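**Student:** attaching a predicted model along with its sequence, questions to come.
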Amino acid sequence: MTTFFMFGKYSVESLKKISGKRTQSAVNLIKKFGGKTEGMYALLGKTDLVFITTFPRIEQAMKASVGLSKLTGISFTTSPALPIKEFDKIMTKV
């Protein structure tokens, strides 16, 4: 499983629909595409939300990212992430 950070930015319309029910719908959608929600955080600043998720393949993460945008009206940018130990191991070959 690969870790993905999903950064969200609210639209004016999506702000009006904030609810625990919508959050649970988002978790269910991630699960539908084979993912697991490891954490969800509200932020202050340039980004409003970050979801920490895992997916078996990048294609599933892409489907979930687009699906979340369609479901919530929140714009998501999704990035794969590596633990630093893995990153350091890969970089020894550079």
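**Tutor:** Here it is on my side, so go on.
**Student:** pretty sure residue 62 sits against residue 78.
**Tutor:** Yes - if you go by C-beta atoms under 8 Å, residue 62 and residue 78 touch, sitting 7.1 Å apart. C-betas here are computed from N, CA, C, even on glycine.
**Student:** ok, these two, which is more surrounded?
**Tutor:** Neighbours were counted for residue 62 and for residue 78 using other C-beta atoms under 10 Å; residue 78 has more, 20 against 14.
**Student:** leaving out the residues flanking it, which one is nearest to that one?
**Tutor:** Leaving aside its chain neighbours, residue 78 sits nearest to residue 65 (4.1 Å; criterion: C-beta to C-beta, 6 or more residues apart in numbering).
**Student:** contact partners for that neighbour?
**Tutor:** 6, 76, 77, 78 (C-beta atoms under 8 Å, 6 or more residues apart in numbering).
**Student:** switch to 10 Å and redo it
**Tutor:** Residues near residue 65 by C-beta atoms under 10 Å, 6 or more residues apart in numbering: 4, 6-8, 30, 33, 51, 53, 55, 75-79.
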